[in-house]
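> what follows is a protein structure lacking sequence information:
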């Protein structure tokens, strides 16, 4: 399963991560940046360390899970 992680720095300079499962591909980096800027501008996300202050990074994480059969 793939996850798009949007990572922000908050006012306490801690990283806050928003995860989106199964993002549409291919990922458009410009669209991701625009959405992240809008999230910051509209103060759409609550963080215990204060408001989101800046974009930290964005990344795709892929996880492979294999069940063990008994």
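Structure received. Only a predicted model underlies this, so the values are computations on that prediction, with no experimental measurement involved.
> and the pLDDT at the nearest residue to residue 11 once chain neighbours are set aside?
With sequence-adjacent residues excluded and distances taken as CB to CB, 6 or more residues apart in numbering, residue 11 is closest to residue 50, at 2.9 Å. In short, each C-beta sits where N, CA and C put it, glycine included. Reported pLDDT at residue 50 in the predicted model: 95.
> residues in contact with residue 25?
Applying CB atoms under 8 Å, 6 or more residues apart in numbering to residue 25 gives the contacts residue 2.
> so who does the residue nearest to residue 11 touch?
Neighbouring residues of residue 50 by CB under 8 Å, 6+ apart: 10-12.
> in the protein, which spans are strands?
Counting by DSSP state E, the chain has strands at residues 2-10, 15-21, 52-62.
> got these as CSV, with distance to residue 29 columns?
Below are the strands of the chain laid out as CSV (distance: least, CB to CB, whole Å):
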stretch, distance to residue 29
strand 2-10, 11
strand 15-21, 15
strand 52-62, 8
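> need the winner for burial among those.
strand 2-10 (a mean of 17; mean count of other CB atoms under 10 Å).
> direction included, what does it pair up with?
Applying DSSP bridges, strand 2-10 is found paired with strand 15-21 (antiparallel), strand 52-62 (antiparallel).
> what's the average pLDDT for it?
Averaging pLDDT along strand 2-10 yields 97.
> so residue 56 touches residue 8, yeah?
Yes: if you go by CB atoms under 8 Å, residue 56 and residue 8 touch, sitting 5.5 Å apart.
> overlap in contacts of those two?
Common neighbours of residue 56 and residue 8, using CB under 8 Å, 6+ apart, are residue 15.
> check contacts around residue 43.
51-52.
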